[in-house]
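Engineer: Output the structure for:
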Amino acid sequence: MGNTAISPFQTLGGLARSVYAFGEEQAFGYRHSIIPNPDLGWEISKTINLGLDFGLFNDRLTGSLELYNTNTQDLLLSRLLPITSGYQSILQNIGATRNRGVEFSASSYVIDNKDGLRWDVSFNIFSNKEEIVELFDGQNDDVGNQWFIGQPINVFYSFQHAGIWQSSEADEAKLFNQAPGDIRIAELNGRDAEGNLTNLPDGSLNADDRTVLGSTVPKWGGGISNRFSYKGFDFSFLVFARQGQMIRSDFHWLGGNSWQGRTNMLVFDYWTPDNPSNAIPFPRENTAPLYADAVRFLDRSFVKIRNISMGYNINKQWLHNLGFSSFRVYGTVNNAFTFSKFDVVDPETSNGIVGGNSPLTTATYVMGLSVKF
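Structural biologist: I've put the predicted structure just below:
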C-alpha cells in the first residue's frame, strides 16, 4: 500500500513574492519558499490483519476479534530546519513507523422472553500503539522536531509539572532560584562526567529535564450501547470512553491566563499561603511564572454518556381506527454527561489542543413524533 500525499510538482520547490529596493524605488521579486527535493518518493505501508468472527449459542452472542500490524517506511514528513538556513522546513521521506493494535466487538440479545421484554447489548473495545522505529539518523531521537524512537509522531514534549513549591519547602526551592508558590518541575535527567545525557538527576534544572509527557493517541477506548424494549416502550443509552491520552490546554497558558488573578478568565485554583494547592502558581502582577508552559499539559481521559433515548410506540390496533400505520413519541438527550478530570471544554477535541475557539460540551434535548399513515 502506498501514499503519495504531496502536491503535484512539489519536488520542484516553490517561489514566494518578496519586496526589495531597486535603486530608490520599491520593486517586487521572487525568492525560494519551498526547498526543491527531487528525491521525494512514495510512503510505503505493509499491513498484516488477522480476524476472527464468531457466533455462539445459536448466534445469541456474535462478534469479531481483529489483530493488525502496519509497518510504514519512507514517511512523508515536514522536517523543521534551523531558522538560519532561511527556511522553516523541508518535506522529506523520513524513517519508519509501526502501528499495531487489537479491536474486539460483540453483540448479544441478553433477554428476549415471551412477555415482550428484550434487552440488546453491543460492545466494542480497542487498543492501538503507534511508534516511530527509525528516523533519518537511524535510532537517534530528533528533539528539534519532537520525534522520538518508540513514541507516536505527535507527542507533547516539555517539563513535567510536579506541583507547586509549598511554604515548608522554601529552602529546597531556593536551590533552584524559586520560592513557595512557584511551579515545581520534576528533575528527571542529568549529565555524567563525560557530558552524556543520563536518566539520573544531577541537582540542576535545565533543558535536559524535558521529557515526553504523553500524546494525543489514547491507550485504549471503547463503547457500550444498551437497548431495552417492553410492550411499546423503548429505552436506550450509549456510553463512550477514551483513556490514556493528553491534552494541551492553551486556556492555562498566557493567552487564557494572565497569571495576575485579577482579570476575567477561568476560575483557577491558585496557590496562596492560605490555599496550598498544587495546581496553579501564586498570582504575581505582570509576571509570568518560570516554567509556565508545564501547567497546560493535562490528562484528557474521559467517559461520555453520549446518547439517552426513550420512546413509546402506540398500539397498532388503536392506530388502525385512527388511520395511522405507526405513531411514536420519543425524547432524546445527546452529550448527556461527560466525566473527565479536564472539565474546561470538551476533552474530545480532535487534535488534543484546546484554546479560545474550542467548543463547549453542550447537552441537547430533542422531543418529537414519528408518524406514518
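Engineer: so Asn334 sits right up against Ala363, yeah?
Structural biologist: Yes - the pair Asn334 and Ala363 passes the contact test of CB atoms under 8 Å, sitting 6.9 Å apart. Using the backbone N, CA and C atoms, a C-beta is placed for each residue, glycine as well.
Engineer: The two: who's more crowded?
Structural biologist: Using other CB atoms under 10 Å as the criterion, Asn334 and Ala363 rank with Asn334 on top: 15 against 12.
Engineer: do you know how far the more buried one is from Arg306?
Structural biologist: Separation of Asn334 from Arg306 (CB to CB, to the nearest Å): 7 Å.
Engineer: cool, and Gly95?
Structural biologist: Gly95 sits 37 Å away from Arg306 when distances are taken as CB to CB.
Engineer: Over to Ile353?
Structural biologist: Counting by CB to CB, the gap from Ile353 to Arg306 is 22 Å.
Engineer: neighbour-wise, which of the two wins?
Structural biologist: More neighbours surround Arg306 than the other of Ile353 and Arg306, with 19 against 14 (other CB under 10 Å).
Engineer: For this structure, give me the ranges with low pLDDT.
Structural biologist: Residue ranges of the chain with pLDDT under 70: 1-10, 254-265, 286, 316-325, 350-351, 355-361.
Engineer: Surely Ala96 is in a strand?
Structural biologist: Yes - following the definition DSSP: H, G, I helix; E, B strand; the rest coil, Ala96 is counted among the residues of a strand.
Engineer: Tell me the bridge partners for it.
Structural biologist: Listed by DSSP bridges, the beta-bridge partners for Ala96 are Gln73, Glu134.
Engineer: ok, it - contacts?
Structural biologist: Under the criterion of CB atoms under 8 Å, 6 or more residues apart in numbering, the contact partners of Ala96 comprise Asn71, Thr72, Gln73, Asp74, Leu75, Ile132, Val133, Glu134.
Engineer: Between those residues, which sits nearest Arg284?
Structural biologist: In terms of CB to CB, no member of the contacts of Ala96 lies closer to Arg284 than Ile132, at 39.8 Å.
Engineer: Note down every partner strand of the helix or strand containing Val19 and its orientation.
Structural biologist: Val19 belongs to strand 14-22 when assigned by DSSP states H and E. Within its sheet, and counting by DSSP bridges, strand 14-22 is paired with strand 25-34 (antiparallel).
Engineer: now the strands for the stretch 1-150 of the chain?
Structural biologist: With DSSP state E, counting those that start in this stretch applied, the stretch 1-150 of the chain shows strands at 2-3, 14-22, 25-34, 43-56, 61-80, 89-112, 118-134, listed in chain order.
Engineer: And the helices in the stretch 151-300 of the chain?
Structural biologist: Chain-ordered helices for the stretch 151-300 of the chain, with DSSP state H, counting those that start in this stretch as the definition, fall at 170-174.
Engineer: what about the residue nearest to Thr72 when sequence neighbours are not counted, how many neighbours?
Structural biologist: Once flanking residues are discounted, Thr72 sits nearest to Ser45: 4.4 Å by CB to CB, 6 or more residues apart in numbering. As a burial measure, the neighbour count of Ser45 was computed by other CB under 10 Å and equals 17.
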